[in-house]
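Asker: sequence-free structure coming up:
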Ligand code: TXA
Ligand code: MG
């Protein structure tokens with residue numbers, strides 16, 4: 001059900017949860033210091049307790065309520081990218097409870113670029129907010145997506161479409177004994193590896209970067225962001241045809257009599273594709289006749305670094321990948337049970 005910003009404020013002050021727009025995706029927000037609100041977030045999302053929450057702040061000075069230490073390199077990143085789609089993981093403040101961090105010593109913090117969200121976070125205090133979708137499903141980028149996701153049962157403030165369209169970049173930076181700054185990218189996003197290294201290279205000579213696994217960010221599972229029907233992704237050189245369709249249907253146990261819904265990205269710029277990625281994924285699911293699948297032809301540049309954030313989301317949300325091996329298309333099934 002849609003609510004006004006004033007109603008959202010009341011809900012938050014009374015230990016409730018409300019879906020709010022951010023520049024990336026809609027978040028299911030509750031006070032980071034209210035146990036009842038935090039419990040509700042996990043319950044509404046059907047999210048396992050091992051998956052920690054990002055804490056969102058309304059101003060840069062609020063970071064000190066969330067973290068125990070804020071090294072200069074974190075401040076430099078915040079100066080360069082906040083408010084914006086960068087989440088920084090660092091040692092948690094003692095007042096941040098175990099539900100927020102899944103009982104780990106580190107907390108994830110970000111300042112989103114959305115004036116309504118910032119106002120509420122300034123009025124209420126830091127807000128914990130995962131993406132406002134059921135666990136493992138596609139993130140919402142409009143208030144209508146949230147309404148549909150929770151059958152209108154969750155209050156949501158309508159702030160229009162999210163401009164970035166995919167979740168924030170998550171990083172953890174540590175300083176090694178030889179003064180090298182080691183950047184671990186746990187989830188790629190609109191703020192790229194190059195953006196981060198350019199920012200830090202002004203202050204540090206020695207930098208290294210690596211990409212994390214689900215061990216580092218418990219929520220970044222192999223299957224995630226999933227649409228309601230199987231998504232089949234194909235290398236650019238592969239053309240859909242009846243013979244391939246037969247093989248796909250046999251592998252996925254989908255109905256051969258039904259044609260798939262075809263999907264091609266509308267732009268060769270990954271930042272533009274990101275804006276409507278989840279919206280298109282949902283629309284394709286809506287077009288489908290139950291028992292069929294979505295067939296996405298990947299862009300030629302899919303494996304290039306600029307596409308890393310889109311690739312991360314698509315690889316996790318798909319059920320099968322088709323690659324050419326020895327000149328012939330071969331189907332690789334990732335996840336049979338949707
Ligand atoms: O753009 C975003 O980041 C959105 C908007 C609402 O801000 N939020 C979002 O939250 O995507 P969520 O919960 O859907 O994804 C957060 C990811 C999860 O994979 C979680 O495991 C990881 O961040 N995470 C959160 N806190 C962490 C921590 N302390 N250590 C490691 N990973 C953490
Ligand atoms: Mg999420």
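Answerer: That came through fine. Quantities reported herein were computed from a predicted structural model and do not represent experimental measurements. Numbers count the residues shown, from 1 in each chain. Ligands and ions are numbered 1, 2, ... in the order given.

Asker: can you map out the strands along the protein?
Answerer: 18-20, 27-31, 54-56, 86-91, 106-110, 127-128, 169-175, 181-187, 207-211, 231-234, 261-264, 294-297, 320-325, 328-333 (DSSP state E).

Asker: from residue 2, how far off is the nearest residue to residue 122 once chain neighbours are set aside?
Answerer: With C-beta to C-beta, 6 or more residues apart in numbering as the criterion, residue 122 has its nearest non-adjacent residue at 3.5 Å, and that residue is residue 58. Heads up, the C-betas are built off the backbone N, CA and C, glycines and all. Distance from residue 58 to residue 2, counting by C-beta to C-beta, to the nearest Å: 22 Å.

Asker: residue 120 now?
Answerer: Taken as C-beta to C-beta, the span from residue 120 to residue 2 is 16 Å.

Asker: that older thread, out of residue 58 and residue 2, which sits in the busier spot?
Answerer: Taking other C-beta atoms under 10 Å, residue 58 and residue 2 do not tie; residue 58 has more neighbours (20 against 14).

Asker: that one: what's it in contact with?
Answerer: Residues counted as contacts of residue 58 (C-beta atoms under 8 Å, 6 or more residues apart in numbering) are 111, 117-123, 126.

Asker: tell me which of those is nearest to ligand 1?
Answerer: Taking C-beta to the nearest ligand atom as the measure, ligand 1 lies nearest residue 117 of the contacts of residue 58, at 8.7 Å.

Asker: next up, the contacts around the closest one.
Answerer: Per C-beta under 8 Å, 6+ apart, neighbours of residue 117: 20-22, 27, 29, 56, 58, 127.

Asker: show me which pair in those is furthest apart.
Answerer: Largest separation among the contacts of residue 117 by C-beta to C-beta: 21 and 58, giving 14.4 Å.

Asker: ok so, going back, which one of the contacts of residue 117 is nearest residue 226?
Answerer: Proximity of the contacts of residue 117 to residue 226 (C-beta to C-beta) peaks at residue 27, which lies at 19.0 Å.

Asker: the closest one and ligand 1: what is the separation?
Answerer: 3 Å (C-beta to the nearest ligand atom, to the nearest Å).
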